[in-house]
Structures are given as structure tokens and as C-alpha cells.
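Colleague: Only the shape, not the letters, is given here:
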């Protein structure tokens, strides 16, 4: 009688990212990862983003059933991130341990426990888990005391083969705003959406997106995402990797000869994920809402290629709430010992803050 396969979890330093890619891509075929857990994202500029890489691997019968790539900075392990704020501004979401389908909870818990104990030495490293799903957040309690830093809702729309009828369940106000916006742009010319089909076109669209994105944020007194040199370099590399794999949708939406805006979406496992955008807010009438019109066209485009969900990713923007019909929660947490000096100091600070509020 044969018992269940034994799961061996090891912690090691990564010396060969090319070899890790082969292992990671193989496990992807047996998993249900988010785009941010795929090797297209994880492996992009990996040697730069993970200068001290630590791999946690669960194996059964000689094959990988779970993988987690951390970067070590001092006594801290960062899952899927570097720990360097300049490099982590690419903003990971739906992060987590890559694990075989149906076993994510138990394998995530096992890998996180191993991450805290497998390096040896007298201390257990603190884990920083950014942008993880609710399921991964629940599994993290197996590895130690969890400290929540923040949580954000990530709205989305279920498509299921629908085209425009997804708007039927939106509010009357949302439908009216969209109709007004579309009429305003249609008065200039037919509204059309185009996908960049090659790298030259993708570069052109990304340049246009960057210009509009930066103009908007600089106008609001903010630097804009593309002011970070690594952000721009990372995404140009990501597009070069992902476009030939059919995982990148760089879209340009126009009204006749006029550009309404650009969207930079990921296409992965039946989902379209709206990652970045640039809209021309100066090019329409008072009823024109370029963001709403562009996302509407992108949703229709996603439906045509067979998407079952259009994901706005994390954030509380009004258009996300207006167009979506459901939301998931994304968490940013830390895991350490309950007696960690950092956690004790934070609990004391939280206690003093809450006490001060009670007396105000």
C-alpha cells in the first residue's frame, strides 16, 4: 500500500536564473497563477531585482510543487520584490507562492514556514509579503505573527462572453455618463481601438501613453510613474518578453483622427488586467470622460478575444467602482515572531495612538 507523497521543502540561494525559468514555467502549467506570479513578470530583470535571491521550493517525487522567490536584505526576506523602494515601484499585485492547483493554501503555508527557518542561524527572518491575495494572507498565519500594513480593494467585471450587455447592470448614472462621453467623442469621428501587434508599434503606443500619463500627474504636482527610470526600463523589457507570448495588450483608443488615450493591459489566463494608462483630458468637451470611454472600449476588445474577466487591479478610483461588479482584497503584510522588537514597538505605538484618539 502506497502512502501519500512526502513533501520536502528546501531553502537555497539562486545561482542560475535560466535554470529557474525552466522549473518555474513547468510549474506554471500545473498551477493557476496570477500574471504577477508568472515567470514573464517574476523573471523580468530578475538578476537586478533579486541581488540576493532566496528560493523556497517544495518537491514531491522529484518534481516541484511550489516555488517562492525572495530577495534578502539584512534580516528581511521580500517575496517577489527586492526591498529597494526604487525597484519595487513597479507595484506587484496578486503576489504569492506559485503552487500546484488545488493545494495553494497548504503549500503556501509550508513554504512561508520554511522561509522563516530554512536559512539557519539564530534568528528567523521577517517576511514582507506585498500585494498578496486573501488566500495567501490567511495562509501566512502559519509562519508567525502577522502584521497588516494595508489592504486595498481590486475591482473587476465578470464578462463570460458578454459584449456590451455588461453595462446593463451598471447604475443609471454610470450608463448615462458613458453614453454622453461616447457621443462627445463620436462627434469628432468613429471611436476605434487598436492593439499594438509588434514591438515597434508597442514602443510607439507606450511613448504616447507615457507622455499623457506624465502630463496628467505632473499637472497635479506628482512625479508620475514613468519619472522612475527603473519603472520605464522594467516595462519596456516586460513588453519585449510578454508581447510575443500574447500576454501584453497595448491599446490606443481614438475618435476619428484624435487620440482619446492609451491602456497598457496584461492578458493572462482569460483575464485582462488594466495596469497603466494615459488619457487626453484636454481633447474633449465637458461631457467627455476619456478614461471611461477607453476602458469601455478595452472591455469590449477583451470580450472579443474571449476574456472572462476585466480586472482594474487595486485602487479606489471612481471609474473602477462605477464599472465593476465585484472586488477582491489585496493585502500588504509582514510576518515575524510575536516577540520581534519591531512588532512590539509597533503594537506599543498603535496602543498609544488608539488611546490618544479615545481622549480626543
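Modeller: Okay, I see it. Note that the coordinates shown come from a computational prediction; the quantities given were computed from them, not determined experimentally.
Colleague: for residue 168, what are its contacts?
Modeller: Counting by C-beta atoms under 8 Å, 6 or more residues apart in numbering, residue 168 makes contact with nothing. C-beta: built from backbone N, CA, C; applies to glycine.
Colleague: Find the nearest non-adjacent residue to residue 307, please.
Modeller: residue 272 (4.7 Å; C-beta to C-beta, 6 or more residues apart in numbering).
Colleague: Please enumerate the helices of the stretch 151-300 of the chain.
Modeller: Using DSSP state H, counting those that start in this stretch, the helices of the stretch 151-300 of the chain run over 172-186, 199-219, 229-242, 290-304.
Colleague: again, but for the stretch 1-150 of the chain
Modeller: Assigned helices in the stretch 1-150 of the chain, in chain order: 17-28, 39-42, 46-49, 85-88, 104-117, 134-139 (criterion: DSSP H, counting those that start in this stretch).
Colleague: top strand in this protein by residue count?
Modeller: The single longest strand within the chain, with elements called by DSSP state E, is strand 145-158.
Colleague: quick one: buried residues of it?
Modeller: Using 16 or more other C-beta atoms under 10 Å as the burial criterion, the residues of strand 145-158 that qualify are 145-147, 152-157.
Colleague: now swap in stretch 61-70 and tell me
Modeller: Using 16+ other C-beta under 10 Å as the burial criterion, the residues of stretch 61-70 that qualify are 64-70.
Colleague: cool, and stretch 9-26?
Modeller: Buried residues in stretch 9-26, counted by 16+ other C-beta under 10 Å: 9, 11, 14, 17, 20, 24.
Colleague: farthest-separated two in those?
Modeller: Among these, the pair separated by the greatest distance (C-beta to C-beta) is 9 and 17, at 20.9 Å.
Colleague: if we can go back for a sec, can you put the buried residues of stretch 9-26 in CSV and add pLDDT and distance to residue 313?
Modeller: CSV is the format used below for the buried residues of stretch 9-26 (pLDDT from 0 to 100; distance: C-beta to C-beta, whole Å):
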residue, pLDDT, distance to residue 313
9, 96, 31
11, 96, 31
14, 97, 28
17, 98, 26
20, 98, 26
24, 98, 22
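Colleague: Looking at those residues, which is nearest residue 262?
Modeller: Nearest to residue 262 out of the buried residues of stretch 9-26 is residue 24 (C-beta to C-beta; 30.3 Å).
Colleague: So that closest one sits against residue 98, correct?
Modeller: Yes. Contact status for residue 24 versus residue 98: in contact at 6.9 Å, counting by C-beta atoms under 8 Å.
Colleague: and for the two, which residues touch both?
Modeller: Residues touching both residue 24 and residue 98 (C-beta under 8 Å, 6+ apart): residue 67.
Colleague: I'd say residue 239 and residue 201 touch.
Modeller: No. Using C-beta under 8 Å, residue 239 makes no contact with residue 201, being 10.7 Å away.
Colleague: Between these two, which is the more surrounded one?
Modeller: residue 239 (21 against 15; other C-beta atoms under 10 Å).
Colleague: measure that one to residue 275 for me?
Modeller: Applying C-beta to C-beta, to the nearest Å, the value for residue 239 to residue 275 is 11 Å.
Colleague: Can you pull out the low-pLDDT segments for the chain?
Modeller: Counting by pLDDT under 70, the ranges of the chain that qualify are 1-4, 120-122, 161-165, 338-360.
Colleague: Kindly report the domain assignment for it.
Modeller: Taking automatic domain parsing as the reference, the chain has its domains at 8-154+329-359, 160-307.
Colleague: among those domains, which is nearest residue 314?
Modeller: Closest approach to residue 314 among the domains of the chain is made by domain 8-154+329-359 (4.0 Å; C-beta to C-beta).
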